[in-house]
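Participant: structural data only, the sequence is not supplied:
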């Protein structure tokens, strides 16, 4: 029986438990865009006989085989040789690939080694798959009815080459003719079990639709996939389904598809014509780091201050010494003083602040590890939020930063900051 | 050819790209503890024929097969039935398992459904593997010389059952009696191809050792694994091998095993009794965010300033307006002024600064995207570094932050900051 498609990932590191294979799942998600379903995924080590075995097996049962890994410059990289041996196609030098590897090293100003030359030797009869951002070219081989596409294991090279080079060709050869559309809703503030319960039956009566719940702690995603005979019908299906989902869980939806929470916040700041200053203690720069990951952040972000010491809180933000000595550095008063101080010192419109105990040490009976106070300040008001988070240090940082960004987002949408319900309170 | 061991994970969700399979890698790492190497990992959907095929294949080539997933209470859970059919062992009710499922539901106060009863039906001749924290029991089947262990796919149940129930039995049956030790060297500043070339032949003449190169862009790791008949011999092997590697690539090694670059920097600051202030522009808080991920960072870090606007650079760091108007905000002069300003304003011992163009916009002919200047300042001197990095915005941030931390590390080790060679210059 011919299985439609399979994925093979190659590398000893996959089998030793030292890294998790994320490529297989990425490939499956990309193939899904054109309706090609993966039926089997295999990981195998760098040993040549093992690679040859799985390539031969796969070519007998599958029409499309995506292979990644083992195309690098080192002696452990044996995929091209194993493919050559398995299918009797001797390795030959592919001059244009050698040339583009040379150009790559010229461009980055690093000397090319003879090892890198090996990457330009490909099995005879291969069709080269261009790698625009790395040294290892990919290649495609036809064996009987089957097509094998060999791609580098570096995730960003793999993703780029799959989307730009491989998918258009596959769409032509393998696409089912159906139009497949997906939309992902991104949610923060509701757990998976509760979300599932609320959504039970929401899509009843709609055919051609599937719904996947994809937890991405601390967020959640809902992916709608529609299959239809035309684009218009698929779009209509998605829209109907999205409206039904939003009716039930819309209050937690902050964005769709590739929109990160920080990019939504940036967009809202821009739309409202507001500039922001951030003051962080327990989140240690994570809030501002996330905001600056988004191109254009300098338009709406004036500065960030990570005020670890009390002196920094006084100097940079003007937190009164009485506040630090009285209610203490981890208190609603300090969070509010940090937020308004950040705003005033920077002459911006908004100040956002976080102070707390990220742990594992530094907690006390009155302010245990995980205690976090957030502050938000505008021209007329200053608010604070108290929450207590669980988990290790980086988890507390992540949750506190996400809650702070979500709180700011809702403020920018016109909600009253006092009415915000912090999730994950314990 | 009999392959030593393999892992099979079952579930449609693994093949659709909606989740990443982390179980396979966890199983491999656990088996490594007793010296059992995984030779193949396969993921397959819930379709019965596919499950039967892979079970039969695996039982022909492997002595030990760990299977997870498809043991739950729903109709999609078909692993037990498929195993029964594949090996001709009819499903029979296992009374003690039914009893323990009943007790589980009593304990958590939820009503048991008839679906849950299905989980107590196991292939005839199975040995039950107790699940102390969930409803699905596991089971082991012997087929010819091979053993197949079926375990639930819920990661924490799987991990617990593997460690507590399966491993002791496997140790008895399969352990080689050898002691296996690993050590990982962490390197920054050398590419994989160059490293591989430099290390060629470094371990010649040492037996019982293997070396894996694990790129973790922008860093690299080298993992040594020693197998010996006793712990002492294994330790000696690792030490000999580590010394040989360090002879050749020691200058790029910043830590071992779980030591992150930022935790090494923290440790060095502590050891030298120095406190640090950080001033960031293009890295947007990433440097300070990484430093604050490590517990205890408040002992050595006073503050971080993310000075996106020119006003912030002047206000918070005292960068002279002449410097901003002359050489400009992205210049060696500004980087040095930011570093010394951060140090002086905070009354700390050291200042570290980064300014540059992270992109994708904001570049010019004289300061193209990827241009980065770093600054470092102590009581007596101030230094700067210029580099030009490639890649997208987050890549430039990551590289610039890593170079800054590595530069500071070498300064703390007594190297002259002027002699630092920034990698990835283009």
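Facilitator: All right, it came through fine. Since we're looking at a predicted model, the values are computed, not measured.

Participant: separation between residue A:64 and residue A:147?
Facilitator: Using Cβ to Cβ, to the nearest Å, one obtains 6 Å as the distance from residue A:64 to residue A:147. For glycine as for every other residue, the C-beta is placed from the backbone atoms N, C-alpha and C.

Participant: next, the buried residues of stretch A:297-305.
Facilitator: A:297-298, A:300-305 (16 or more other Cβ atoms under 10 Å in any protein chain shown).

Participant: go on, stretch A:186-202?
Facilitator: A:186-190, A:195, A:199, A:202.

Participant: kindly report the same for stretch A:22-42.
Facilitator: Neighbour counts over stretch A:22-42 (16+ other Cβ under 10 Å) mark A:23-42 as buried.

Participant: that older thread, mind listing which of the buried residues of stretch A:297-305 are in strands?
Facilitator: A:301-305 (DSSP state E).

Participant: returning to what we had before: ok, and of the buried residues of stretch A:22-42, which contact chain B?
Facilitator: Within the set of the buried residues of stretch A:22-42, contact with chain B (Cβ under 8 Å from any Cβ of the partner chain) is found for A:24-32, A:37-42.

Participant: sorry, back to before: now the ones in strands among the buried residues of stretch A:297-305 in JSON lines, with distance to residue B:213 and pLDDT?
Facilitator: Shown next, in JSON lines, are those (distance: Cβ to Cβ, whole Å; pLDDT from 0 to 100):
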{"residue": "A:301", "distance to residue B:213": "39", "pLDDT": "97"}
{"residue": "A:302", "distance to residue B:213": "44", "pLDDT": "96"}
{"residue": "A:303", "distance to residue B:213": "41", "pLDDT": "96"}
{"residue": "A:304", "distance to residue B:213": "37", "pLDDT": "97"}
{"residue": "A:305", "distance to residue B:213": "41", "pLDDT": "96"}
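
Participant: from these, which is closest to residue B:219?
Facilitator: residue A:304 (25.7 Å; Cβ to Cβ).

Participant: hmm, residue B:305 and the closest one touching each other?
Facilitator: Yes. Counting by Cβ atoms under 8 Å, residue B:305 is a contact partner of residue A:304 at 7.4 Å.

Participant: what's the most distant pair in the ones next to chain B among the buried residues of stretch A:22-42?
Facilitator: Using Cβ to Cβ, those span at most 18.7 Å, a distance reached by A:32 and A:42.

Participant: contacting chain B as well, which ones from the buried residues of stretch A:297-305?
Facilitator: Filtering those for neighbours of chain B using Cβ under 8 Å from any Cβ leaves A:297-298, A:301-305.

Participant: sorry, back to before: next step: the buried residues of stretch A:186-202 restricted to strands.
Facilitator: Reading strands off the buried residues of stretch A:186-202 with DSSP E, I get A:186-188.

Participant: which one of those residues is nearest to chain B?
Facilitator: Distance to chain B across these (Cβ to the nearest Cβ) is lowest for residue A:186, with 14.4 Å.

Participant: who are the contact partners of the closest one?
Facilitator: Neighbouring residues of residue A:186 by Cβ atoms under 8 Å, 6 or more residues apart in numbering or on different chains: A:219-221, A:253-257, A:259, A:261.

Participant: may I have the beta-bridge partners of it?
Facilitator: Note on residue A:186: beta-bridge partners by DSSP bridges are residue A:221, residue A:255.

Participant: circling back: now the buried residues of stretch A:297-305 as JSON lines including distance to residue A:416?
Facilitator: What follows is these, written out as JSON lines (distance: Cβ to Cβ, whole Å):
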{"residue": "A:297", "distance to residue A:416": "26"}
{"residue": "A:298", "distance to residue A:416": "30"}
{"residue": "A:300", "distance to residue A:416": "22"}
{"residue": "A:301", "distance to residue A:416": "24"}
{"residue": "A:302", "distance to residue A:416": "25"}
{"residue": "A:303", "distance to residue A:416": "27"}
{"residue": "A:304", "distance to residue A:416": "26"}
{"residue": "A:305", "distance to residue A:416": "26"}
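
Participant: count of residues packed around residue A:114?
Facilitator: Counted with other Cβ atoms under 10 Å in any protein chain shown, the neighbours of residue A:114 add up to 9.

Participant: any idea how far it is from residue B:193?
Facilitator: 9 Å.

Participant: still on that earlier bit, now the ones next to chain B among the buried residues of stretch A:297-305 in TSV, with distance to residue A:281?
Facilitator: Formatted as TSV, those follow (distance: Cβ to Cβ, whole Å):
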residue	distance to residue A:281
A:297	21
A:298	23
A:301	18
A:302	19
A:303	15
A:304	12
A:305	9
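
Participant: for the residues you listed, which one is nearest residue B:391?
Facilitator: Distances from residue B:391 to these, taken as Cβ to Cβ, are shortest for residue A:297 (17.6 Å).

Participant: for the closest one, which non-adjacent residue is closest in space?
Facilitator: Nearest residue to residue A:297, sequence neighbours excluded (Cβ to Cβ, 6 or more residues apart in numbering or on different chains): residue A:291, at 5.2 Å.

Participant: for that neighbour, give me its contacts.
Facilitator: Applying Cβ under 8 Å, 6+ apart, the residues near residue A:291 are A:262, A:265-266, A:276, A:278, A:297, A:301, A:304, A:405, B:284.

Participant: show me what from the stretch 101-250 of chain A comes close to chain B.
Facilitator: Where the stretch 101-250 of chain A comes near chain B, counting by Cβ under 8 Å from any Cβ, the residues are A:107-110, A:113, A:115-116, A:154, A:212, A:214, A:223.

Participant: of those residues, just the buried ones, ChimeraX syntax please.
Facilitator: Listed next is the ChimeraX selection for buried residues among those, using 16+ other Cβ under 10 Å:
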select /A:110,113,115,116,154,212,214,223
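
Participant: what about the residues of the stretch 101-250 of chain A next to chain B, which are in strands?
Facilitator: Reading strands off those with DSSP E, I get A:212, A:214, A:223.

Participant: for residue A:89, which non-adjacent residue is spatially closest?
Facilitator: Spatial nearest neighbour of residue A:89, excluding adjacent residues (Cβ to Cβ, 6+ apart): residue A:123 at 3.9 Å.

Participant: partners of the one you found in the sheet?
Facilitator: residue A:91.

Participant: list the contacts for the closest residue to residue A:321 other than its chain neighbours?
Facilitator: Distances taken as Cβ to Cβ, 6+ apart place residue A:314 nearest to residue A:321, at 6.3 Å, with adjacent residues excluded. By Cβ under 8 Å, 6+ apart, the contact set of residue A:314 is A:320-321, A:324.

Participant: can I get the residues you listed in CSV with pLDDT and secondary structure?
Facilitator: As requested, those are exported to CSV (pLDDT from 0 to 100; DSSP: H, G, I helix; E, B strand; the rest coil):
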residue, pLDDT, secondary structure
A:320, 96, coil
A:321, 95, helix
A:324, 95, helix
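
Participant: could you pick out the buried ones from these?
Facilitator: Neighbour-count burial (16+ other Cβ under 10 Å) is assigned, among these, to residue A:324.
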